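Engineer: need a structure here:
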Amino acid sequence: MIVRMSGALMRGLLVALLIATPALLLPDVASDQSQIVVLAALLAAFLTFVEYNSNAPSIVEFRDAAPFNRMRFVALFLTVFLLTAIASGKAEPTSLSHAITSVGTIIGNAIDFPYSPVRLIVLMLPYDSSADTISRVRSAAGISYLISLMAMIAFVASVRLWGWPVRKGAFNVWVNLPRFDPTTGGDVLDRLQRDARFNIALGFLLPFVIPAVVKATSDLVDPISLQDPQTLIWTMTAWAFLPASMIMRGIALSRIASMIHEKRRRAYKNAAKDIEFQTA
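Structural biologist: All right, here's what the predicted structure looks like:
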């Protein structure tokens, strides 16, 4: 119980630190923004603590199937931290901010080719955007997209090379998929495969669809202003992380479906052998 509570407390503190990172590192943050960030960080920390401290899961998937959630958290934290370092370097330049900005510029320019997600993000900006704004958005999009790609590659490697999620024991569907009801909606295997394909397809399309939708609706509603550093950080983080998270979830569901299929195949094979033995 003490180990579980301490682990839940540590996770809650890390989530709170993640949410508060831009407000802590950026200079000249308004007091009202700081209050909202503190409230959001405390709420997220409390919800995370309650989720991981309870025996029965509620909303967090793959809770006991490490390192799925750890990879997602590391990718999210790296994205927020690096984008915050770039934004803070505009007002208070440091050697670290210069290095990260240079790397972001190189990555952004390399990925900014026709029809790429980064190019669509740049085209989403208003026509009167300054060259500095375009450069910052391109660098932020390049870094966030690269980190998301690295997280997906790392998770695929953990599945293919290290046998996730059964390397350290049996996989409990009830604990790791609390929102999945195996008793409704037809065959479990078909549902898992369908959900896996849907998550992978949607995760692949979202980086392309989101900028196009924002650009198409800019005449009807006020477009998102990326001049504010915190808005830029969280917008680029969500744009890159949410699709990557959906693709990782689809890969995980596909892996679970393949495990169920293999278990059924062995069960049917053993049942056939038993029937042959009884009739012999």
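Engineer: Let me see the confidence value for Lys168.
Structural biologist: With respect to pLDDT, Lys168 scores 68.
Engineer: Now do the phi/psi pair for Ile59.
Structural biologist: Main-chain torsions, Ile59, degrees, to the nearest 10: phi -130, psi -30.
Engineer: what's the neighbour count on it?
Structural biologist: Ile59 has 9 neighbouring residues, counting by other CB atoms under 10 Å. Where C-beta positions appear, they are placed from N, C-alpha and C, glycine not excepted.
Engineer: Pro178 now?
Structural biologist: Pro178 has 17 nearby residues by other CB under 10 Å.
Engineer: From Ser58, how far out is it?
Structural biologist: From Pro178 over to Ser58 the distance is 6 Å, taken as CB to CB, to the nearest Å.
Engineer: Same check on Thr184?
Structural biologist: 18 Å.
Engineer: ditto for Leu83
Structural biologist: Distance from Leu83 to Ser58, by CB to CB: 30 Å.
Engineer: element containing the spatially most central residue of the chain?
Structural biologist: Central residue check for the chain by CA atoms, centre = their mean: the C-alpha nearest the mean position is that of Ser245, 3.5 Å away. Secondary structure from DSSP states H and E places Ser245 in helix 229-279.
Engineer: related to what we said a few turns ago, of Leu83 and Ser58, give the one with the bigger neighbour count.
Structural biologist: Shown here are Leu83 and Ser58; by other CB under 10 Å, Leu83 has more neighbours (30 against 11).
Engineer: can you pull the contacts of that one?
Structural biologist: 140, 143-144, 232-233, 236-237 (CB atoms under 8 Å, 6 or more residues apart in numbering).
Engineer: redo that, cut-off 7 Å
Structural biologist: Leu83 sits next to 140, 143-144, 233, 236-237 when contact means CB atoms under 7 Å, 6 or more residues apart in numbering.
Engineer: Quick check: the farthest pair among those?
Structural biologist: Ile143 and Ile233 (10.8 Å; CB to CB).
Engineer: Neighbour count: these two, which is higher?
Structural biologist: Ile143 (27 against 24).
Engineer: Test my guess that the more buried one contacts Val80.
Structural biologist: No. Taking contacts as CB atoms under 7 Å, Ile143 lies outside contact range of Val80: 10.7 Å.
Engineer: picking that back up, what helices or strands is the helix holding Ser245 leaning on?
Structural biologist: Secondary-structure packing of helix 229-279 (3 or more CB pairs under 7 Å, 6 or more residues apart in numbering; DSSP states H and E): helix 68-91, helix 131-160, helix 188-216.
Engineer: between it and helix 188-216, how many degrees?
Structural biologist: Inter-element angle recorded for helix 229-279 and helix 188-216: 160 degrees (by axes from the mean of the first three to the mean of the last three CA atoms, to 10 degrees).
Engineer: Distance from helix 229-279 to the middle of the chain?
Structural biologist: In terms of CA atoms, centre = their mean, to the nearest Å, the centre of helix 229-279 is found 17 Å from the chain centre.
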